[in-house]
Structure formats: C-alpha cells, structure tokens
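Chemist: Show me the folded form of this:
(2 chains)
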Amino acid sequence: MKSNPNIAAHNGYLLCHTCHLLSRPETRAHTIPCPRCGSRLHSRKPDSLARTWALTLTAYILYIPANLLPIMTVTMSGRGEPDTIFSGVKELVLGGMWPLALLIFFASITVPVLKLVVITYLLLSVQFRSQWRPRERTALYRITESVGRWSMIDIFVIAILVALVKLGSLATIEAGAGAVAFGGVVVITMFAAMSFDPRLIWDAMENHHE
Amino acid sequence: MPHLTNKQLDSGITLTACHDCDLLFPMPHLHKGEKAICPRCGALVLERKGHSFDYSLALALTSLILFTIANINTLLRMNVAGRSESENIISGVYELYTQGYWEIAALVFVVSIFAPLLKILCVFYVLAPLKFNARLPYAKQVFRFFEVLHPWAMTEVYMLGILVALVKLADLATINVGIALYAFAALIPFMAATDASLDDHEIWERLEPSD
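Modeler: Reported below is the predicted structural model:
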C-alpha cells in the first residue's frame, strides 16, 4: 500500500475516538491507551465490518417479529384487539388523524427500514471498494447515526398507555411481544451504526489510486 | 516517552485528523464561535464554543431541577366514568415490568430516566471542580462515560411520545395534563442548550494533567 502523507493512519497517527486527541505512539503494541483520556486507541474501529454485518443481520431477523407480532393489545369491554405497528398506523389513518399517522409511519416504519438499507449499502460499498461519491456516503452515515433514536416513539407511547389505561373491565392496554422485538431492532441498529467506521469508505478510495 | 502528542511536534505545527475520513491537517486556530470543517468529507472537526463553565453549569442546574419535577409529579391523568388514573415516566416503566416485559421496561428506564439524569450529574462532577481549577478523582472516566451516554438520552423523543399518546386518547377520555408535563417540555430546550454549550475539546484540555 502506497502511503498517503495526508492520511493519519499512514503516518502512524491515531485519533482518539473519545477525546479526539491525535497522538503518534512509538510502540506497535496491540492495546495502546490514549495519553489524555485513557480510551483504547485504534487506527480504525476494531472488526468494524464484521461487527456491523453481524448487528445488521440480527436487526433484519428481529424486524420480522417486530412487524408480525402485536406491539400492544387494547382490551375494551372484554374484547381484545391486538395492534401491530402497521395496523396502528392504519387505524390512525381511518380515524382521520393524518399528521399523527404520518409521524408514526415515519418513525416506526420509514426510519428503521431506511436505516437497515443504508447500513447494508454502506457495508457493501466498502466491501466492493466503491469509488462513488465518498463525501455523500459519509454524510449518509452521519444522518443514519443521528436519526435512529426517533424510532423509539412507539415504545414510549406504549409505556405511557399501559400505565394510563388501567380501567379494569372497562379498558386495559397490555404491551406485546412485538414491542420487545421492535425495541431490539432500534437498539441493535444504533449499535450497528456506532460500530461502522466511515473512514473505511475513504480507505477504499486510497487503495484505488495505487 | 511512549507518545508524541499533537502538542509536542518538532515543527511547532499542531496537527489534527478528521474523525470521519482520517484526513490529516494542521489544526486551525479558532476564535470563539468558529468551527473547523473537514475539507475532504465535510465533518465538523472542531468548534470553539467559548461559553464559560458557569453558563453550562447554570443550564445543567436548571435541567436537574426540571428533571426532578418532571419525574416526581404526574405527567398525565385520565378520567373515565368517575375513575382516574395518573401516570409518570417511572409508573410506565413499572407497569411494563409487571406485565412481564422487563426488556422494554429496562430500555425505557435507561433512555428516559437513567441516561438523561446521569448526563446532567456528569456535567456537575466534571465542570464544577474545573471552575476552581480542580479535578475530582476519575473526572476523565466520568467525562468519557458522559460521551458514551450521549446517544442514549432520549428525552425529546419521549416528549413526542407523550404528545402522540395524548392525541390517541383524546377521543376516548378526558386527559388532564399534570405539572410534570410542563416541566418535561421545559427540560428539553435546557438539556439541549447544556449539550450545545459544552466544548468537549476545551474540557479535555483542561482535564489533562499539567505536567
């Protein structure tokens, strides 16, 4: 590999993930602590591709029960009505609550799907050494990392409703197994985004110019 | 000496690297309010915020007071057929737990109570002593923990969840809004302002041992 004078890793520099101190360790030891904050220094996040793939595939698998199983069951006058994520959105549309339906559709369906698709695309683009628009791909990564938290809305709504609607035989709301799977999807995709190293996008660009 | 840090380069130029694309470039000297953007990938590399620690601490103290009010009072109260049920964040967690969904109970607890509270407390632990040029033991580890907690504090998302729950139930029952809801709504801009006022770069420099 030809070394590029403008790349930190090619010149023995390591940037700390936590405190952003740039240092140049003289030893080639495996685990080097940051001289300022003590975090472990890495040139690239360790096993970034393998870890991100593993987490992303797990999220894909969990996404199936998250959508098929009910996230909550509303029992009114003895009649139980299980709600999945999608049927919840459908009900809001039928009830004429369009803005709310759009919000939940975006947070619970669009964001998780787009997040999985984008992370998969970024992984493939790194593995196939894509040369296409690295700057935009890096921006895509940053958006993906920051937008994931909004998928939690549905989980919070469930947490509020189960505590509020406890009217015995009149009406009760119970959480469902789909909510556990959906919470898992949100958390695991957050970890997947954290374990992906956007510098790999740029490393693939470097080696091409050899 | 095992390390050459960026302050100890022979040439006298301070180097830094972009955290998103690893481009090495000389660290620009920034004035208050200026930002350094990576020329290659567009990442925000450095920002000199220039707020005093007093400013951040005042915001954190306000957040802590609002957080306490928001958690010990009632968020929402529902009145149906003469029965009333009140709810706050912890009762939602407790109800999920009693229904047997401890996984979601734990998740909601961590992202809506544990992480936001610890973030505020971390700010006090690190910043208050720095104001007097002192450092409490493990201040660095605490600040590292603060940065780890950051993505997991989802106060603003919870607020949106409350609004969604309110609209969903509005047709079915009379919902009264408790004092905690107002505190919670006020907490969000204060927590965001606390985060925005913190200059990680300056804090890490101040936490560095002066030897």
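Chemist: Only C-alpha atoms from now on, for both contacts and neighbour counts.
Modeler: OK.
Chemist: I figured residue A:10 was touching residue A:43, is that so?
Modeler: No. Contact status for residue A:10 versus residue A:43: not in contact, 9.5 Å apart, counting by CA atoms under 8 Å.
Chemist: Low-confidence bits of chain A, can you list those?
Modeler: A:1-2, A:28-30, A:207-210 (pLDDT under 70).
Chemist: all strands of it, in order?
Modeler: Assigned strands in chain A, in chain order: A:14-15, A:22-25, A:32-33, A:40-41, A:72-76, A:79-83, A:171-175 (criterion: DSSP state E).
Chemist: partner strands of the third one, parallel or antiparallel?
Modeler: Read it as strand A:32-33. Taking DSSP bridges as the criterion, strand A:32-33 pairs within the sheet with strand A:40-41 (antiparallel).
Chemist: What are the contacting residues of the partner strand?
Modeler: With contacts defined as CA atoms under 8 Å, 6 or more residues apart in numbering or on different chains, strand A:40-41 is touched by A:14-17, A:31-34.
Chemist: buried subset of those?
Modeler: A:14-17, A:32, A:34 (16 or more other CA atoms under 10 Å in any protein chain shown).
Chemist: Dump those to JSON lines, plus distance to residue A:115.
Modeler: Written out in JSON lines, the entries for the buried ones among the contacts of strand A:40-41 read as follows (distance: CA to CA, whole Å):
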{"residue": "A:14", "distance to residue A:115": "29"}
{"residue": "A:15", "distance to residue A:115": "27"}
{"residue": "A:16", "distance to residue A:115": "26"}
{"residue": "A:17", "distance to residue A:115": "23"}
{"residue": "A:32", "distance to residue A:115": "33"}
{"residue": "A:34", "distance to residue A:115": "32"}
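Chemist: Could you single out the nearest of those residues to chain B?
Modeler: Within these, distances to chain B taken as CA to the nearest CA reach their minimum at residue A:15, with 6.5 Å.
Chemist: Touching, that closest one and residue B:23? I think so.
Modeler: No. Residue A:15 sits out of contact with residue B:23 when judged by CA under 8 Å, with a separation of 10.5 Å.
Chemist: Now list whatever residues contact both of those two.
Modeler: Listed contacts common to residue A:15 and residue B:23 are A:8, B:17; contacts here mean CA under 8 Å, 6+ apart.
Chemist: ok, back up a step: could the strands of chain A go into JSON lines alongside distance to residue B:32?
Modeler: As requested, those are arranged in JSON lines below (distance: least, CA to CA, whole Å):
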{"stretch": "strand A:14-15", "distance to residue B:32": "24"}
{"stretch": "strand A:22-25", "distance to residue B:32": "22"}
{"stretch": "strand A:32-33", "distance to residue B:32": "31"}
{"stretch": "strand A:40-41", "distance to residue B:32": "29"}
{"stretch": "strand A:72-76", "distance to residue B:32": "50"}
{"stretch": "strand A:79-83", "distance to residue B:32": "52"}
{"stretch": "strand A:171-175", "distance to residue B:32": "49"}
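Chemist: quick one, which of those strands is packed in tightest?
Modeler: Stretch with highest mean neighbour count among those: strand A:14-15 (a mean of 24; mean count of other CA atoms under 10 Å in any protein chain shown).
Chemist: ok, and what's touching it?
Modeler: The contact list for strand A:14-15 (CA under 8 Å, 6+ apart) reads A:8, A:21-25, A:41-43, B:16-17, B:19.
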